[in-house]
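[1] Give the three-dimensional model of this entry:
(4 chains)
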Number of protein chains: 4
Amino acid sequence: MLETKIDTGKTAVLVIDMQNDLIKVPEEPFNAVTKMAQSKNMIANTARVISEARRLGMPVIYAGHIHRKDNADMKPTITDMMLQGLTPPAREAMVEGTSGAQVVDEIKPQPGDHVIWKRRSNAFYCTDLELMLRARGIDTVIIVGAVTNGCVANTIRGARERDLNVIVLSDCIATMNPADDEYFIKQVFPREGRVRTSDEIVSVLQNS
Amino acid sequence: MLETKIDTGKTAVLVIDMQNDLIKVPEEPFNAVTKMAQSKNMIANTARVISEARRLGMPVIYAGHIHRKDNADMKPTITDMMLQGLTPPAREAMVEGTSGAQVVDEIKPQPGDHVIWKRRSNAFYCTDLELMLRARGIDTVIIVGAVTNGCVANTIRGARERDLNVIVLSDCIATMNPADDEYFIKQVFPREGRVRTSDEIVSVLQNS
Amino acid sequence: MLETKIDTGKTAVLVIDMQNDLIKVPEEPFNAVTKMAQSKNMIANTARVISEARRLGMPVIYAGHIHRKDNADMKPTITDMMLQGLTPPAREAMVEGTSGAQVVDEIKPQPGDHVIWKRRSNAFYCTDLELMLRARGIDTVIIVGAVTNGCVANTIRGARERDLNVIVLSDCIATMNPADDEYFIKQVFPREGRVRTSDEIVSVLQNS
Amino acid sequence: MLETKIDTGKTAVLVIDMQNDLIKVPEEPFNAVTKMAQSKNMIANTARVISEARRLGMPVIYAGHIHRKDNADMKPTITDMMLQGLTPPAREAMVEGTSGAQVVDEIKPQPGDHVIWKRRSNAFYCTDLELMLRARGIDTVIIVGAVTNGCVANTIRGARERDLNVIVLSDCIATMNPADDEYFIKQVFPREGRVRTSDEIVSVLQNS
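    Numbers count the residues shown, from 1 in each chain, chains lettered A, B, ... in the order given. Okay, here's the model as predicted:
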């Protein structure tokens, strides 16, 4: 098995977009991520990792995706998906200040955690994530959340260009389509960092 | 008199650090900015500018300075002021989530305004200010707030490197020391943008 | 067929990492990208797009990847590929100032083009690309170069978070592995922008 | 006297805009900075600091200001100085690729130095300065160059928001107007870092 050494004094957990409007959506066709999250037991896995991290005093940082109700912070660009009419039907979701935009109850931010609200995919873009990691001397981020091939992948790339080590937990990430989840876990992330399971990380943290 | 043309569709008002812990401080020696704000009638002047801007549908954006109670987002650097023992005695202020960190009541953010919490001086650094201005097509910012030679000056420089036009309102900014306020208003800001009074801007906006 | 409207006054061509040490490598096992580039006729395709763009006065911007000979600008992070010993054997390539780091002769930068030297994957990270596009009023980038799932994909994401429209040319990009090239062209880029061929773009530009 | 401890393994010298078109301008009225540089013996002072830094293996980083001959990288904003007709008459200077844009001969970059070309005032804005300092583990920058209240002051603020310690050398900086030079040296920089002379720093480095 590949090594997973962690310096807990220099490592933070980064929880991406674990919000009600993405991870607890009951209705078709908007619940694809929710279903993959359920099938992976993603919330419970993430909760265990966070709990161990807290026990060790490691920073837990949440990034949540939001947009304004009036969409004034958005500027849609042209994509083939849009031109082909394949973008999902619009629904109001992730609106700043609503309960849908809140982090799911099971892994709610605690006093002392840092919460970032972001308006683009990469959690480093136009947020204070870099500043916060640098001020704390963090050089490694354990990344969990959604979606695998969207905000998770983009944030991993944001971390890498800033020379941070990345550990991404394969059973704590989810997306719409299993083939995309698998491709990123097998073909993309091993080139960008270490891919581990929540069990592996919990075990490492318990022995720290 | 110098011109003050404003395209209200491309201009936003940017209100910097108008927070209780800075603008409404009763006790010596921490109240220097508060006293200058009072002597300039700064809050009332700002309120009139904001009111006209709102009437015209111009975006009003607030940037507020905060830090964590545990200071984990700060990394003090060495300065001569510090080495000389001239930094003001520490007091807990601008702490994230406290009432002291809130914008003063008279010009409180309204629903639909955008509020930025920043951890460094320049309101563009590690915040979504740039993103928000760009998405709305803003090319000019009317800047008010505190302190003249600190966050106001730094944010003006942040605006300029992003090619934004700056209009700064001399009776809507304040700092500790009148000589610094005057130096920046007379010697620095005229090279960086337009310096106007609240009366001048209110008059331009009323005729828009 | 999907539309490909282009406002030539607001569109730039962005040529990524078309350097000798990547696109003209003779020796195994370092020539995988070179071979895909040859099989796609990538240099000639790119040359035709650039030529039409120049004719119309569109900006042509080159981003080239470099690092220092002493590696002082690099800070390797831990990846599973590295732990598994699967990273390619080290060779000196893309070294700042060497001929290997130059853009291939057929599409050499001309006087008036803009050339960016970057040290990380995303051409927007720590470069003046954003500044240059903004100063020129560019809202759309036609992206070509290498490698598909590396610097090309990362730069596309950099463009998108800055609200730029992306057009990526499938026969003007290349990478090591055909399966990765295909996955990004079919599964990733259509969600992020428009995927077109050099023929399609040349035809649009000829009719502009 | 105030302390000037320097960890030479974590400190770089940053040389700003020491270019022929600014520091070696013979003709009135464009030679104000050149005259102050001469009266301070700025080039020779800087040369001694650089020489000691090189001897100790400290990184020497040059930032030079440039713009394109066609000005396509510039987007002038409105200032009162401009409205009052007080901006200096236009002259072609600091044009990318010209000898006027080169660093003055006495302190020319040597092989192994890092050279940054910037298009805005702050040497951190849209350049790889941050990346380079971070990859090398630098936490302190010794800043010299021109002009005191322009690119020097803006780069100091860029350094501070990135939590870097700043040491600025009062006899190695210059600007147009002695009153501005003095104001920044006495009133601004002591709040932002340590102000020292070249003699003081050379002495510290000689004893390192």
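
[2] which strand is the longest one in chain A?
    Taking DSSP state E as the criterion, chain A has its longest strand at strand A:165-174.

[3] List the contacts of the next helix or strand after that one.
    Next along the chain after strand A:165-174, taking DSSP states H and E as the criterion, comes helix A:178-183. Under the criterion Cβ atoms under 8 Å, 6 or more residues apart in numbering or on different chains, residues A:36, A:148-149, A:173-175, C:183, C:187 lie in contact with helix A:178-183. From N, CA and C alone the C-beta is placed, and that goes for glycine too.

[4] Just the buried ones from these, in PyMOL syntax?
    In PyMOL, a selection of the buried entries from the contacts of helix A:178-183 looks like this (16 or more other Cβ atoms under 10 Å in any protein chain shown):
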select buried, (chain A and resi 36+148+149+173+174+175) or (chain C and resi 183)
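
[5] lowest average confidence, helix or strand, in chain A?
    One helix or strand of chain A scores below all others by mean pLDDT, DSSP states H and E: helix A:80-83, with a mean of 94.

[6] Just list what that one packs against, helices and strands only.
    Packed against helix A:80-83, as judged by 3 or more Cβ pairs under 8 Å, 6 or more residues apart in numbering or on different chains; DSSP states H and E, are the following elements: helix C:189-192, strand C:194-196.

[7] coming back round to it: out of the contacts of helix A:178-183, which is nearest to chain D?
    residue A:149 (26.4 Å; Cβ to the nearest Cβ).

[8] Make sure that closest one is actually in contact with residue A:175.
    Yes: if you go by Cβ atoms under 8 Å, residue A:149 and residue A:175 touch, sitting 5.4 Å apart.

[9] okay, and the common contacts of these two?
    A:181, A:184.

[10] Check chain A for its longest helix and report it.
    helix A:42-55 (DSSP state H).

[11] okay, the angle between the helix or strand just after that one and helix A:42-55?
    On the C-terminal side of helix A:42-55, the closest following helix or strand by DSSP H and E is strand A:60-65. For strand A:60-65 against helix A:42-55, the angle by axes from the mean of the first three to the mean of the last three Cα atoms, to 10 degrees is 140 degrees.

[12] Show me the strands paired with strand A:60-65, marking each as parallel or antiparallel.
    strand A:11-16 (parallel), strand A:114-118 (parallel) (DSSP bridges).

[13] Check those strands for me and report the most buried one.
    Across these, the average number of neighbours (mean count of other Cβ atoms under 10 Å in any protein chain shown) peaks for strand A:11-16, which reaches a mean of 25.

[14] That strand to strand A:165-174, inter-axis angle?
    Using the same axes, to 10 degrees: strand A:11-16 against strand A:165-174 is 30 degrees.

[15] For stretch A:100-109, measure first residue to last.
    15 Å (Cα to Cα, to the nearest Å).

[16] list the buried ones in it?
    Buried residues in stretch A:100-109 (16+ other Cβ under 10 Å): A:100-101, A:103-104, A:107, A:109.

[17] Would you convert the strands paired with strand A:60-65 into CSV that also reports mean pLDDT?
    Below are the strands paired with strand A:60-65 laid out as CSV (pLDDT from 0 to 100):
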stretch, mean pLDDT
strand A:11-16, 98
strand A:114-118, 98
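
[18] Which of those sits closest to residue D:90?
    If you check each of the strands paired with strand A:60-65 against residue D:90 by Cβ to Cβ, strand A:114-118 wins as the nearest, at 42.4 Å.
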